[in-house]
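Engineer: here are the coordinates; sequence isn't available:
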């Protein structure tokens, strides 16, 4: 953003931009206001990612509108998260452009998936079968952002013999996303085995004293393994997004 | 208690006990009231265990008094828990009979330890070094109640390679007590490896979002491993006591 | 697990197994991966129990698949928990092999119940009528695992005269499971009367300040009775499973 | 208060009081403002009780000042609660009038205790020895307010045989105050045996998951026994005060 | 209960009862076991109240069965609480005896209401309109138990001028039940005005940070007014029951 | 209220009002009791605002009744909040007078909106699109009470470039209402930029560890920006009402 | 801030400022970086208030340094909050310029208090004596910022007759700050009587279920009185600051 | 670890290792057991980091012993965290080898700091002055692990003009650690500006409703900015460690 600011200032100095235009440019440029949302058209440039629409709490109409606004500005690859089946069907009828819907993850993807161009592979592990939707949200997000993803599901620590066969994958991963509900111990166990960054995703899977994911969340925050950090309960998208950022670290940066 | 009740009823029928005496017997028999406490003299018989004094919140004088009351009724083996060093010194000056003080566990033991006569060995494992005091409270309690105890400390799951060498001990234990703070994952991992009852003791070790042991407690309650149950935070005594009960299960029972 | 490991190592030494085969054996042997789940085929041997399927969060199709995988490996006795009536009906249509459905507990059992071969009787008590489903989950689990079970329902402490008639059963039980919601005091009262291990199961029965079982849970964790441990809220299965383990303690163990 | 209002209005009508005087009377009458506190001089009349000073958070000087203000208005019987030993000593040096200090309860009493004139006896029971200070606060408050009090300490439910001998006292009490920390089950058990109002006082006695009395508090609020109500954690004064009100119910009231 | 015990013991001594019969009598007498519930037939005698059925979590069939069991033992006046409209209709079809259904309170009453025979009037006040169902549960319970009840609804403290007109009723009440959700301040304000016992009932009325009644509950527990005690959130029945007990205090008691 | 009191007293003195009439006047004047509610007819005068009906938990019939009672006393401008679409339709059929329904905010307004007569403009900002209903409740409330409102939606801090263009509006606002869920940081950022009072409204928008608005609530309470205060979660009405009060501060007040 | 931005842009256009200088100006102008703190020198202008130093967590040396930095930039009136007595003494020795220390509030004030120039009077009321320190923090802050303050302490709602005499002051106040711990009902009662903005300050005064001010906080957030908003527990400064902002609302604002 | 396993298996096949030796090797190799701790000697190799000693809950003697054990195995660079000044002095007297103590962070470092060899710079920002100790723990940890660190302290969002000057550093950082207490909004604001991974560290700085860091923790978990993850409250070490891992991502990994 700062370099844009500088360009605008330089344009003011050069006289190619009036002061009022400059103020306007600083204000209105980076997004289109379509009433119910301010569509961010520069985020891809500014933060190095394609646009994502958080579907929960938006109507199919609103989603359609945002998609169209993005596409009309040349954004072809769009990810819609938290889209339940009913909304997806509405969207299908409404939308002028095709998309692929992944019901396991509640995700729709407009446009082609990019080629994976990250440092290495992102490994996504779940404690149980019920954690898979959250894991898939993370996996598809990471793939959408140009990463190779390996899935290892149902390897919860209560059956350590199910996790240990995957030690090679743990050792060779570039980033690991550990998805688990209930007591969330998977993050600690993987954190103790891995030497790459581990992103822990607590899930709301469980009952009773799991208190909607609180137990897994606290467990992961208190992990005695180093190199583990945590995102919000059920936040598969956030984990996939962050994993992609880490997997695209560049040596060139100063 | 019921068989005593029946004996008393039979004595009434036989005329060897008046009705008023019976009422009295039912009321006053099993303990001595020494003012600040009702000393339970029959618990050893009724529940198969020597007497234990919970030291927290009692003055050395009160503890002394209870010890004396017990000894005068023939109880020589007495365990005092939650006894800090300062109180232990007071007790040392006051007490007419000797005792052994274990400062790591805050425990004093009057009398000799019994021979171990349980089914097998009780394995006590801790996640870290700071969990040792709670583990020692459990260990000494179990030894006081006639159990062979094996200690395996500092085997937290974040370094799985520290736990795995003990797989033989886990496999051969009769009961396991898993003591851990922070994220408390140890209970789940051991629970997944063991085929004996596992008693989980959350500890208040940790900081921040461990919330005084709450994180470990919830983690252990939500353990996806079967065969695990939980006692109160830092309740080493309760774990040792219950482990001893389990380790003294008798085939003869109907 | 360790003895299997040793056998594999010995086969390597003897040349009957290549190193790569050994690595593979260590990795893939103990379960079949059927996509959505890793079916554990050795658990019966490793942990001494038949297989259990946690039904919540699994589709009838998935449950059917796991059942078939188990049966094709010779596992005939299978317990499915947390199976609501609707799912049970689906399963009925789909399943090739018959099973018995217990709607009070949400449990399906494939195969015959085994003969009871435990040390003694497991007593299951509830505070009220609403706690019965959780108690039945515990009872059927214990019966499935080869235990004699006695049920004593609706004996909450607020009517002590309803509990006291059962003092004989409390005194003679091998293990007791105390199931209660609201204030959960049943565990403490039974814990004070019994001389066997007591497993407390808080239930989510109640309203207002019971906060979904939290009140009963805290109450049970703080029980001033020794010999009491606690499992997750509404976790009847966990209590039944643990009770069975305790009731099958063997003197032969070293 | 309303009848006073009416009297004032009548005086206005009769001309014996000007409007401004009436406004003043309505405003300033019932207490003396001594700067740091508004001493309530009419409460005895209005609410039928002698004055009580809550000592916590007040300096000995402030307490002295309030005592003097009360005495100068003819109030000789004064109760000071939450007064630790250090403050009590300061007060002793400062005070012109004598008082009796009960260190077990942190209570000072100026003046003579009144004769008990309630309907019956208030029974105060505690679960353990550590609950005694709270129980004593309740007991002395009740005695200060003219009640006969019976103390039954250390009768916690984990040793039901210690409670049952007191069944006669429970049956004959006019009001019962049940004081307990940890799991607070005493209130439910007594509530199930008694046919009089039961006031439950949770205490902060305990550790770990007792969370400073929260466990006992929730337990008591969820009591399945009818006729039980609850006051704040450690609020012995509140319980004693309410018990006295109940024990002084009058048939004459309309 | 104790006098019954004594009678049984005397019968044993006199030979009119065998020991085994005595044991049986102690065990089975006070209730009928109808499978899903132990119907308490002696509570009226033992605790001085007619029988109450807590309808939540019971089927209409079960309720019918309990009603019949009670009626066949001569209990004609029965209160059923927490009975929603749907269940009430089922019950209407099934029941052989008529009852009156109060939908505002979810209460059914079999038999005639007794004449009010308490010391005075029970005043029931609510903060708002939404608190009325809980207040009605309290009111009908109290009337069912023989009390005169006065209702004063929607007098919340935020409009003090709506409460003040009722000062006469507050001053003349025998017991007051203050029912309020949201911030629950009504209990404190009434507690400061009244000189009789005040029972506070927090309700789950509110949103956001009322957290299902927690805010009102804490508020009432912390009331700085003396003479106030609290029951569980939404527990109108408990408040009405306790108020009746207090309103039936007898001078004759020793 | 006090001046009314004084007037009444003066009328008593002058003999134009009897004492009993005065008592009555003090009691019954300011509202009409229509059974299920006490309709406050003087609030407009007493607190300077038109009447508001909180629709949640009231039936359309009750709302109709209150509206009519108000209108018959000359109150034409009435705001009904928390009115869902279904109820609004019922109300439409029932109501004799027209009203305007704003479904985005769940608000119905009877009568004309007044001219804005406040000090300046109330700026209402939201973090996201999902916060709009709460913001609209605040906006319409403020407009109903005579304020000019400017809406700035979807300016959450995670895209600071969306907030900064509005710096002029922030700088020139008279009062700002910051509406945000999730982490609620909007309040702090705006609080740091503004020099007018900022009212923060946490919303229940979010998932997982947002715990129904608790996260935003705590965040806003802990705001390190001065000049920020907080209302209940989702309490748009309260924010709009308070903002109007502030925006109508008068210099004339002494 | 925006007008400064515009001036800078205009200077760039006019050539009186280079682009780099402009960037620098935007960055470094408004504060001096003295290592451990960034001293804000423009806040007085930007937000219309003198500078305040939050003393908690700062050493006397650091406070001295910040004071000096402010004074050297012409800021003579400085408020230091949360300054305990020990720190205040250190500061006294170190400081080159005099200040006045208010130990009741933990506040130091450098320079003269300004003349009160607000719209009206700020009324500060407390529930009890223990709330006074928080109230004084609010009062001194408001006076420091140029407001007339009236203090009304110890008027808790449990003794409504202590609050009612102050109805005139409540009615004539410009802003009211209601400070209360325990159940925090004062805010609701005052909120119901007042027609000006009410700022509620929960305090940590209380014990047991007050949970460090949580009870009062929730109570105030749920206040059913309109026009009430809440600041953090014990945040007297925040309340005083906000009250001052409201009391300085100007009609001139557009 | 897996490659070691394979080497051991190959040695078994080759006959250079017996089966028993292999079992032993698998078990005992990677650490030295010095009684109170299992010193991990291979972690540097296995996880690519020098050894760290968590000082809290360890005596200076224990720390000394672990240091010596590490040094005797060739580990010269050792970090000790959570070491208060008193312990540091003890350690100074005891230790045979020198170390540098950083009291601001409670950190001791044995050996030389390595040259920074990461991808880029780690930026560490704090909201306020009181967050500095946690930030320093993170900074020193990162430097100890070979990273270049830039510190930007006291840039809390309530004064956005203090953060904005650092936009260049935010834009050019490789990883950012955002350290903040109170409302923790800093993480969201930085997260919205940055395009690199952001690690949020909530601190326990604050009072009242900050609840020991809970407010900041929840805020950060709910951050609406993508690319943010969270570690435990006050866990500067964990953040520094993870940042280093991310800053050492290698393109070579497959």
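Structural biologist: Yes, it's here. These numbers were taken from a predicted model, which means no experiment stands behind them.
Engineer: which residues does the closest residue in space to residue A:155 that isn't next to it in sequence contact?
Structural biologist: Closest residue to residue A:155 apart from its sequence neighbours, by CB to CB, 6 or more residues apart in numbering or on different chains: residue A:163 at 4.4 Å. Heads up, the C-betas are built off the backbone N, CA and C, glycines and all. Contact analysis of residue A:163 by CB atoms under 8 Å, 6 or more residues apart in numbering or on different chains lists A:125, A:155-157, A:186, A:189-190.
Engineer: Need the residues you listed in CSV (columns: neighbour count).
Structural biologist: Formatted as CSV, the contacts of residue A:163 follow (neighbours: other CB atoms under 10 Å in any protein chain shown):
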residue, neighbour count
A:125, 28
A:155, 24
A:156, 27
A:157, 29
A:186, 32
A:189, 29
A:190, 31
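Engineer: ok, so of those residues, who is nearest chain E?
Structural biologist: Among those, residue A:186 lies closest to chain E (CB to the nearest CB), at 30.8 Å.
Engineer: what sits against that closest one?
Structural biologist: Counted by CB under 8 Å, 6+ apart, residue A:186 has contacts A:125-127, A:155-157, A:163, A:178-180.
Engineer: Just checking, which of those residues comes out lowest on pLDDT?
Structural biologist: For the contacts of residue A:186, the weakest pLDDT value sits at residue A:157, with 72.
Engineer: Quick check: the gap between that one and chain G.
Structural biologist: Counting by CB to the nearest CB, to the nearest Å, the gap from residue A:157 to chain G is 35 Å.
Engineer: Number of residues surrounding the residue of the stretch 1-150 of chain A found nearest chain D?
Structural biologist: In the stretch 1-150 of chain A, the residue that lies nearest chain D is residue A:127 (24.8 Å; CB to the nearest CB). Neighbour count for residue A:127, taken as other CB atoms under 10 Å in any protein chain shown: 31.
Engineer: wait, doesn't it sit right on residue A:182?
Structural biologist: Yes - if you go by CB atoms under 8 Å, residue A:127 and residue A:182 touch, sitting 6.9 Å apart.
Engineer: how about the helices of chain A, start to end?
Structural biologist: A:2-13, A:19-28, A:43-47, A:60-72, A:85-94, A:132-144, A:160-163, A:167-172, A:186-193, A:214-221, A:236-247 (DSSP state H).
Engineer: Spell out which residues of the stretch 1-150 of chain A are next to chain C.
Structural biologist: Residues of the stretch 1-150 of chain A lying near chain C by CB under 8 Å from any CB of the partner chain: A:128-130, A:132.
Engineer: which of those lies closest to chain F?
Structural biologist: residue A:130 (15.5 Å).
Engineer: need the contact list for the residue lying closest to that closest one once chain neighbours are set aside.
Structural biologist: Spatially, and ignoring its direct neighbours in sequence, residue A:130 is nearest to residue C:57 (3.7 Å; CB to CB, 6+ apart). Applying CB under 8 Å, 6+ apart, we find residue C:57 in contact with A:128-130, A:205.
Engineer: cutoff 10 Å now
Structural biologist: Remark: with contacts taken as CB atoms under 10 Å, 6 or more residues apart in numbering or on different chains, residue C:57 is in contact with A:128-133, A:181, A:205-207, C:82.
Engineer: of all the residues you listed, which comes closest to residue D:246?
Structural biologist: Checking these against residue D:246 by CB to CB gives residue A:207 as the nearest, at 41.9 Å.
Engineer: What separation do you get for the closest one and residue C:57?
Structural biologist: Residue A:207 sits 10 Å away from residue C:57 when distances are taken as CB to CB, to the nearest Å.
Engineer: Which residues are in contact with each of those two?
Structural biologist: Here residue A:207 and residue C:57 have A:181, C:82 as joint contacts, going by CB under 10 Å, 6+ apart.
Engineer: what's the neighbour count on residue A:74?
Structural biologist: 8.
Engineer: for residue A:96, same thing?
Structural biologist: By other CB under 10 Å, 8 other residues sit near residue A:96.
Engineer: which residues does it contact?
Structural biologist: A:64, A:67-68, A:71.
Engineer: most neighbours, which of the residues you listed?
Structural biologist: Tallying neighbours with other CB under 10 Å puts residue A:67 at the head of the contacts of residue A:96, with 24 neighbours.
Engineer: does it really touch residue A:91, like I thought?
Structural biologist: Yes - judged on CB atoms under 10 Å, residue A:67 makes contact with residue A:91 at a distance of 8.5 Å.
Engineer: residues bridging contact with these two, i.e. touching both?
Structural biologist: Contact criterion CB under 10 Å, 6+ apart; residues shared by residue A:67 and residue A:91: A:80, A:99, A:108.
Engineer: Nearest to residue D:221 among the residues you listed?
Structural biologist: residue A:80 (45.7 Å).
Engineer: What sits closest to that closest one if chain neighbours are left out?
Structural biologist: Nearest residue to residue A:80, sequence neighbours excluded (CB to CB, 6+ apart): residue A:108, at 4.2 Å.
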